[in-house]
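Peer 1: structure for the following, please:
(2 chains)
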Protein chains: 2
Amino acid sequence: MKKQYLLAPGPTPVPPRVLQAMSMPILHHRAPAYKAVFEEVRDGLKYLFQTKEEVLVFASSGTGAMEGTIANLFSPGDKVIAVNGGKFGERWGQIAAGYGLEVITIDVPWGTAVKPEDIADCLAREGNVRGVLTQASETSTGVMHPIKVIADIVKKYDQTILVVDAITGVGVFDLPMDAWGLDVVVTGSQKALMLPPGLAFAAVSQKAWGFNQQSTLPRYYFDFAKELKNAKKGQNAYTPAVSLIIGLREVLSMIKEETLEGVFARHARLASATRAGVQALGLELFAPDAPSNAVTAVKAPEGVDGQEVVKVLRDDYGVTIAGGQDHAKGKIFRLAHLGYVDDLDVLTGLAALEMALMDLGYELNERSGVRAAQMILKVKK
Amino acid sequence: MKKQYLLAPGPTPVPPRVLQAMSMPILHHRAPAYKAVFEEVRDGLKYLFQTKEEVLVFASSGTGAMEGTIANLFSPGDKVIAVNGGKFGERWGQIAAGYGLEVITIDVPWGTAVKPEDIADCLAREGNVRGVLTQASETSTGVMHPIKVIADIVKKYDQTILVVDAITGVGVFDLPMDAWGLDVVVTGSQKALMLPPGLAFAAVSQKAWGFNQQSTLPRYYFDFAKELKNAKKGQNAYTPAVSLIIGLREVLSMIKEETLEGVFARHARLASATRAGVQALGLELFAPDAPSNAVTAVKAPEGVDGQEVVKVLRDDYGVTIAGGQDHAKGKIFRLAHLGYVDDLDVLTGLAALEMALMDLGYELNERSGVRAAQMILKVKK
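Peer 2: Got it, this is the predicted structure:
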């Protein structure tokens, strides 16, 4: 018997009550019963995104909503700035270039956050930039970008919108869309939303809807205006992923019960315990200066292959974490702590990591990573 | 207590063993355990589509795969013929036009099948047509188009591919992709595949892959070549809808157990019983000459609003069927019999329909629709 533990930055574990809700006989998506569910979901999403705007829902993975954002808000030749500090930053550039946009890339060393002044300089220098595309949390490096500061810069430009891939940001840390003036916020179902993959979300500001009216790019399945029109009638333009929507109602109600503040505080606590744990083991954080509360990227110690850490954890301990991607492959591993994760999950992950490192010949110092995390997590501080 | 019966042309009921499979804790999509599932799924899909080609899988509804087909195989200005005999035929034209293709529409009266000679004439007259876009089964009208005959016509043209939306065709009636020489066959999860909505499929012939190399349209999420490359490594380009893929393995194994021949025979029997049942009640079929085995469209009798039939069935009897769309709204209703549906489901639907019609003041003749269907369904003929 080997139990399985999922500590990857998506998909994340699905709570039993959500699995149960999704196992109910399927609803027809034009039936009044579905409409009632979807209305509840629309409200819950507005709470989650902290916005008065409609949060569009698509049956796709998060990348679909990223592509939809480009195809619905821009036109060929439009100049955009893409913050590229990892695999997902790279993706913004690829999609935008694929649609014929002119992409100015701000390359950010992996493991560090973009410097807001670089965005400010670039906007001033380039002129006529239509959009700034960034991540809130760059999943591949475990970095959190300073979205509020960036938003304050971008909002000075009437003709520029700020597009935030918050796929591992929404429901992890505070990203109040309306209060900060974010123009597009994108997320997916399999991260902090604790659902199986298959739903993507895009919330769109009034400023961005103005861009939509000028956009000339082709789109059909990810047609934002069509989806908005349908959503306002409690419907979806195309057949929605009904069972995931049923599950979504359940997770949104869980989030409301915990409150957003509670959700953010939990993620902050788990992230802080994880960081303390790995540092106690003598390991270095890959993103020490701007760590995301979604996932902790850790440098593989001298002489240990990060991919081996992932493999031993999975094969010998039943714990799924993530390795590094591209040039970070083998050099880092990533412990996630977002979604349906609690204090003891973090300790489980650290305990398994300690054993895996020993198995791989890494000499642990005398400090216990588990103990360091416990000191943060224990109830009486 | 009111039990719910789903007899709509998608979503269709999900078998308990599939719901159960999808309720297992989530797998990580890059883990070996997922890869093993996906390899099984790839094989099962080839059996289902009757093809040696790869069947691409997307997290989206069927429309996503339709759009992907246009965006991956054609270029702006390409001339295509779109068979328009209902809501979904209309959709081919909309997507193709949206991407800047030149669309020649063959308008087919709703409730009838396209005449293959019209396609032959159009191909000869127009010259230089790159694609013929059609449905196998037009869900909005309950019509089956003569795909084999159309394929024989199109295959005479080296520079033309046949694209078949078989969203309510695959797994319903025989559509052997390789044997008939179909170039693209598209389907979705929530029809004969007995799954919740959220997966779309596209099988692509070698001839069509040649088109892919020349296509200049933008695409990212629905990138066929990228998906093919990943599939061959047992992976997906973007995070797949893991729980639906797990369910898919289960339904594909159910289909293999029943055999394709068995599946087609069952759908033929259910369709034939449904048609006999409604005709015994004195009702007229909307598509008497080319009925699809997926769904039976029935003309609402004089003095009865088709939408009311749908409403009474749903509200008073717990039976969800579909009404007519656009100009057929109120004039027809549609009883589906595809997916996880058996003989007694058909009788249940007919029995409820008889009561609903009586409730709506329709005077039934002396013949019983249920009895007419029973004569087809009973074991000893």
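Peer 1: drop to CA atoms for contacts and neighbour counts, all remaining ones
Peer 2: Noted.
Peer 1: just the CA trace of stretch A:90-99, in CSV.
Peer 2: Output in CSV follows, covering the C-alpha atoms of stretch A:90-99 (Å, rounded to 0.1, in the frame of the first residue of the first chain):
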residue,chain,number,x,y,z
GLU,A,90,7.6,33.2,-22.3
ARG,A,91,4.2,31.9,-23.1
TRP,A,92,2.7,35.5,-23.2
GLY,A,93,5.4,36.4,-25.7
GLN,A,94,4.7,33.4,-27.8
ILE,A,95,1.0,33.9,-28.0
ALA,A,96,1.2,37.6,-28.7
ALA,A,97,3.8,37.1,-31.4
GLY,A,98,1.7,34.2,-32.9
TYR,A,99,-1.1,36.7,-33.3
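Peer 1: residues of the longest helix along chain A that come out buried?
Peer 2: The longest helix of chain A (DSSP state H) is helix A:260-280. Neighbour counts over helix A:260-280 (16 or more other C-alpha atoms under 10 Å in any protein chain shown) mark A:260, A:263-280 as buried.
Peer 1: which residue ranges of chain A form helices?
Peer 2: Under DSSP H, chain A gives helices at A:16-22, A:32-49, A:62-73, A:87-98, A:116-126, A:147-154, A:177-180, A:206-214, A:224-231, A:242-258, A:260-280, A:306-317, A:343-359, A:369-377.
Peer 1: what's the closest of those helices to residue B:192?
Peer 2: Among the helices of chain A, the nearest to residue B:192 by C-alpha to C-alpha is helix A:242-258 (16.2 Å).
Peer 1: show me which residues of the closest one are buried.
Peer 2: With burial defined by 16+ other C-alpha under 10 Å, the residues of helix A:242-258 counted as buried are A:242-252, A:254-256.
Peer 1: for the residue nearest to the spatial centre of chain A, report the pLDDT, please.
Peer 2: With distances taken as C-alpha atoms, centre = their mean, residue A:168 lies nearest the centre of chain A, 1.4 Å away. The per-residue pLDDT reported for residue A:168 equals 98.
Peer 1: for chain B, see how far away it is.
Peer 2: Taking C-alpha to the nearest C-alpha, to the nearest Å as the measure, residue A:168 falls 14 Å from chain B.
Peer 1: got the end-to-end distance for stretch A:200-219?
Peer 2: Using C-alpha to C-alpha, to the nearest Å, the end-to-end distance of stretch A:200-219 comes to 16 Å.
Peer 1: that one near chain B anywhere?
Peer 2: Yes - between stretch A:200-219 and chain B, judged by C-alpha under 8 Å from any C-alpha of the partner chain, the touching residues are A:218-219.
Peer 1: list the contacts of that stretch.
Peer 2: Outside stretch A:200-219, the residues within contact range by C-alpha atoms under 8 Å, 6 or more residues apart in numbering or on different chains are A:49, A:53-65, A:68-69, A:71-76, A:99, A:161, A:178, A:182-189, A:225, B:98-99.
Peer 1: going through the residues you listed, which ones are buried?
Peer 2: The neighbour-count test (16+ other C-alpha under 10 Å) marks A:49, A:53-65, A:68-69, A:71-76, A:99, A:161, A:182-189, B:98-99 as buried among those.
Peer 1: if we can go back for a sec, and the helices of chain A: which comes nearest residue B:13?
Peer 2: Nearest to residue B:13 among the helices of chain A is helix A:242-258; the distance by C-alpha to C-alpha comes to 11.6 Å.
Peer 1: run through the neighbouring helices and strands of that closest one.
Peer 2: The contact analysis (3 or more C-alpha pairs under 8 Å, 6 or more residues apart in numbering or on different chains; DSSP states H and E) places helix A:242-258 against helix A:16-22, helix A:32-49.
Peer 1: distance from that helix to the middle of the chain?
Peer 2: In terms of C-alpha atoms, centre = their mean, to the nearest Å, the centre of helix A:242-258 is set 17 Å apart from its chain centre.
Peer 1: other residues contacting it?
Peer 2: Residues from elsewhere that reach helix A:242-258 (C-alpha under 8 Å, 6+ apart): A:17-19, A:21-23, A:26-29, A:37-38, A:40-41, A:44-45, A:48, A:193-196, A:198-199, A:263, B:196-198.
Peer 1: of those residues, which count as buried by neighbour count?
Peer 2: Buried, going by 16+ other C-alpha under 10 Å: A:18-19, A:21-23, A:26-29, A:37-38, A:40-41, A:44-45, A:48, A:193-196, A:198-199, A:263, B:196-198, out of these.
Peer 1: what about residue A:66, distance to residue B:142?
Peer 2: Here residue A:66 is placed at a distance of 36 Å from residue B:142 (C-alpha to C-alpha).
Peer 1: over to residue A:108?
Peer 2: Distance, residue A:108 to residue B:142, by C-alpha to C-alpha: 55 Å.
Peer 1: pull the number of nearby residues for residue A:240.
Peer 2: For residue A:240, the count of nearby residues is 24 (other C-alpha atoms under 10 Å in any protein chain shown).
Peer 1: rewinding a little: so residue A:108 and residue B:142 - more neighbours on which side?
Peer 2: residue B:142 (31 against 16).
Peer 1: what sits against that one?
Peer 2: Here residue B:142 is in contact with B:111, B:286-287, B:291-292, B:294-297, B:334 (C-alpha under 8 Å, 6+ apart).
Peer 1: now residue A:92
Peer 2: By C-alpha under 8 Å, 6+ apart, the contact set of residue A:92 is A:66, A:82, A:84, A:133-134.
Peer 1: give me the low-pLDDT residue ranges for the stretch 1-150 of chain A?
Peer 2: Within the stretch 1-150 of chain A, no stretch has pLDDT under 70.
Peer 1: close to chain B: what parts of it are there?
Peer 2: By C-alpha under 8 Å from any C-alpha, the part of the stretch 1-150 of chain A that sits against chain B consists of A:6, A:8, A:10-14, A:19-20, A:22-29, A:31, A:58-61, A:63-64, A:67, A:95, A:98-99.
Peer 1: over to the stretch 151-300 of chain A?
Peer 2: A:196-198, A:218-221, A:238-243.
Peer 1: mind redoing it with 6 Å?
Peer 2: Contact residues (C-alpha under 6 Å from any C-alpha of the partner chain) of the stretch 151-300 of chain A with chain B: A:197-198, A:218, A:221, A:241.
Peer 1: got a list of what the residue of the stretch 201-350 of chain A found nearest chain B touches?
Peer 2: Residue of the stretch 201-350 of chain A nearest chain B, by C-alpha to the nearest C-alpha: residue A:241 (4.6 Å). Listed by C-alpha atoms under 6 Å, 6 or more residues apart in numbering or on different chains, the contact set of residue A:241 reads A:59, B:197-198.
Peer 1: could you dump these to a markdown table with distance to residue B:354?
Peer 2: Conversion of the contacts of residue A:241 to a markdown table gives the following (distance: C-alpha to C-alpha, whole Å):
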| residue | distance to residue B:354 |
| --- | --- |
| A:59 | 37 |
| B:197 | 30 |
| B:198 | 34 |
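Peer 1: quick check, nearest of these to residue B:230?
Peer 2: Distances from residue B:230 to those, taken by C-alpha to C-alpha, are shortest for residue B:198, at 19.5 Å.
Peer 1: show me what contacts the closest one?
Peer 2: For residue B:198, the contacting residues are A:59, A:241, B:59-61, by C-alpha under 6 Å, 6+ apart.
Peer 1: what sits against residue A:331?
Peer 2: For residue A:331, the contacting residues are A:299-300, A:306, by C-alpha under 6 Å, 6+ apart.
Peer 1: which one of these is nearest residue B:104?
Peer 2: For the contacts of residue A:331, the closest approach to residue B:104 (C-alpha to C-alpha) belongs to residue A:306, at 56.1 Å.
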